[in-house]
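A.B. asks: Got a sequence here, can you build the structure:
(2 chains)
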Amino acid sequence: MAGHSDQPRTLFDKIWDDHVVRTDEHGTALLYIDRQLVHEVTSPQAFEGLRLAGRKPRRPEANLAVPDHNVPTSDRHLGIVDPISRLQVETLEANCREFGIQLFDMGDPRQGIVHVIGPEQGLTHPGMTVVCGDSHTSTHGAFGALAFGVGTSEVEHVLATQCLLQRKPKSMLVSVEGELGPGVTAKDIVLAIIGEIGTAGGTGHVIEYAGDAIHALSMEGRMTVCNMSIEAGARAGLVGIDEHTIDYLRDRPRSPTGAEFERAAEYWRSLNSDPGADYDRVVRIDAASIRPQVTWGTSPEMVVPVDGAVPDPAEVADPVKATSYGHALTYMGLTPRTPIAEIAIDKVFIGSCTNGRIEDLRAAAAVAKGKQVAPSVKLAMVVPGSGLVKQQAEAEGLDRVFLDAGFEWREPGCSMCLAMNADRLEPGERCAATSNRNFEGRQGQGGRTHLVSPAMAAAAAVAGHFVDVRELEQ
Amino acid sequence: MRPFERFRGVVMPLDRANVDTDAIIPKQFLKSIHRTGFGPNLFDEWRYLDHGEPGQDCANRPLNPDFVLNDPRYANAEILLTRRNFGCGSSREHAPWALADHGFRVLLAPSFADIFHQNAIKNGLLPIVLDEAVIDSLFARAGGEQPLQIDVDLEAQQLRPSVGEPIAFPIDAFHRHCLINGLDDIGLTLQHAPEIAAYEQRRREQAPWLFASAVSA
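C.D. replies: This is a model prediction of the structure:
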């Protein structure tokens, strides 16, 4: 908003420039942070740090807290059974009381995964800086906000100063051009991008996603893409503002209202990269070439299209990569060259900050409708991303579709994405998951995770193995 | 934070790429509300043969003899040598807490994940990025009967291995300054409180909606 030279700037440059309080002699910026979201896992030590130093939050009202990682997704009236999980959630409640921070507690209908409720409440605006002690904070970049995950020391730093010390990252443009084929979703786009650039491809960069295929996505779809920027190594992902963005923000509980909304929207519309702006790296992807994706290994870059097969490490030239492939195949219990469609699954998880929004549940329900979860599948669970997503889904009758098909319909939370609560895989169990990480042990020690889109997860639940959702009879 | 002083330490080679934060410290240990005590659960799923839970006495758990951390040659290792993209995954600061609590002070790799790198520096742990070829040559030297030792001199930005030539390394000037002096970031930032207040005032006039409360009415 301040006056700047005529040099064309990227969206990232504009947000960055608007938030630099000062720059020191080493070139490190003191960056102002507009919004911080807080959850129970990465905040207790930050509040303890404040207490020990006798400090107070600079702007408590710029923060919102919610428990999500440890919360149970069933029998919630019983509270949290695990005493260690319970203590962590109670500690968040006590810290929020002590430091004057608003909390959506477990009984609040607005409770949910921190990255689902932020946008849902209208707390994420274009042009903001948003942080949270959680790597999937990149989700909020869908709104043209500079949003990134921080560690606990930085949570404390933001609480105390409303700022962070940062070096400006580099910029990368990922342009997804043309039109997606039928049955191909935002999740497939981002998995294909990670397959292309690798899990360290975006390290040190902020990624701006552009191109027709990105702007054709709903805000939910853009959140899915930005969410997994971190799996591409980038702390933040961004999408420029268009009318979808502004329409989504209208009438959200914490959006500006009336004339102030129009004034804000005028500023928001300026938040796009200038023609001719420079990026440190540019990647172009043809949308039409993207097929539904399935990960086969223990890193999100280990991904192939559903009509592909598990790769053979013997054919990988890079020795470090070949070794990683070997480890991954052993852990995953897979043989080289196995067609993806022949891999049978034990469990299905639909939810998470990647794919726990209403549109995701609609896509999964459209596949599950009138069908049955295969008898070989031990558990297929749907975990809405928030209490409000759950209410909306129930109003649309999606809960009935899932329950009739043999899925479980749960309470909102992070759930089996990272298995900090009671929802987890047993050793050796194989899961089709709509979450974001297929690391060893992520969904439970010895558990085997395959990342897919919500429609692909529902299709796998029905078939008992991976299938190409494009070939299903609707 | 304790100032980072020059020292000579044993190198433990962990020959894996993309070591993620779930591997460094599995999620069940993230339920702790403290900053210390994570060392015995560092690399828990690779290190022990049983399933670990918080609050267990790790001294009696069955060790995985094939995992490098359990190799007596590296019992007192303070330098971790590893492969590309170390620390990828979540933002959990429990990962550097666990590494530091176990006794590591320096990490050597061709690349680190961004958030992990930042978290390491905040905890006095020095992540050093070296060329893939240099890392390869250190791996070649680190697996012998006698463990490789390295003299780490942050002041001079130099590593002096017990075998081979000295190696210069790059580091951000501000990070070096903070590590050497053991500086508390928050204290540093609070010195600029008047500039933060001036920024807020300016911004409040330009974009008042940014200062609307996150708290419901």
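A.B. asks: Which pLDDT does the model give the residue nearest the centre of chain A?
C.D. replies: Closest residue to the average C-alpha location of chain A: A:Asn227 at 3.2 Å, with Cα atoms, centre = their mean. A:Asn227 carries a pLDDT value of 98.
A.B. asks: The nearest residue to it once chain neighbours are set aside: how many residues sit nearby?
C.D. replies: Nearest non-adjacent residue to A:Asn227, counting by Cβ to Cβ, 6 or more residues apart in numbering or on different chains: A:Thr139, 4.2 Å away. Any C-beta I mention is one placed from the backbone N, CA and C, and that applies to glycine too. Counted with other Cβ atoms under 10 Å in any protein chain shown, the neighbours of A:Thr139 add up to 34.
A.B. asks: Assumed A:Thr139 was part of a helix.
C.D. replies: Yes - assigned with DSSP: H, G, I helix; E, B strand; the rest coil, A:Thr139 falls within a helix.
A.B. asks: returning to what we had before: separation between the residue nearest to the centre of chain A and chain B?
C.D. replies: If you measure A:Asn227 against chain B using Cβ to the nearest Cβ, to the nearest Å, the figure is 13 Å.
A.B. asks: Surely that residue touches A:Gly356?
C.D. replies: No - counting by Cβ atoms under 8 Å, A:Asn227 does not reach A:Gly356; the two are 10.2 Å apart.
A.B. asks: thinking the residue nearest to A:Asn227 is in contact with A:Arg222, fair?
C.D. replies: No - using Cβ under 8 Å, A:Thr139 makes no contact with A:Arg222, being 9.2 Å away.
A.B. asks: Now do stretch B:94-104: distance to the chain's middle.
C.D. replies: How far stretch B:94-104 lies from its chain's middle: 7 Å, per Cα atoms, centre = their mean, to the nearest Å.
A.B. asks: Could you check which helix or strand contains the residue nearest to A:Gly441 when sequence neighbours are not counted?
C.D. replies: Distances taken as Cβ to Cβ, 6+ apart put B:Glu45 closest to A:Gly441, at 5.0 Å, once the chain neighbours are dropped. B:Glu45 belongs to helix B:44-47 when assigned by DSSP states H and E.
A.B. asks: what about chain A, any weak spots by pLDDT?
C.D. replies: Residue ranges of chain A with pLDDT under 70: A:1-5, A:473-474.
A.B. asks: Run through the strands of chain B in chain order.
C.D. replies: Assigned by DSSP state E, the strands in chain B fall at B:7-13, B:79-81, B:106-109, B:126-129, B:149-153, B:158-161, B:167-168.
A.B. asks: Just name the most buried of those strands.
C.D. replies: Scoring the strands of chain B by mean neighbour count under mean count of other Cβ atoms under 10 Å in any protein chain shown gives strand B:79-81 as the most buried, with a mean of 26.
A.B. asks: Mean confidence (pLDDT) on that strand, please.
C.D. replies: Regarding strand B:79-81, the rounded mean pLDDT is 98.
A.B. asks: Partner strands of that strand, with direction?
C.D. replies: strand B:7-13 (parallel), strand B:106-109 (parallel) (DSSP bridges).
A.B. asks: and stretch A:250-260, is it in reach of chain B?
C.D. replies: Yes - counting by Cβ under 8 Å from any Cβ of the partner chain, chain B is contacted by stretch A:250-260 at A:Pro253, A:Arg254, A:Pro256, A:Glu260.
A.B. asks: Identify all contacting residues around that stretch.
C.D. replies: Identification of contacts with stretch A:250-260 by Cβ atoms under 8 Å, 6 or more residues apart in numbering or on different chains yields A:119-123, A:125, A:249, A:261, A:263-264, B:208-209, B:212, B:214, B:216.
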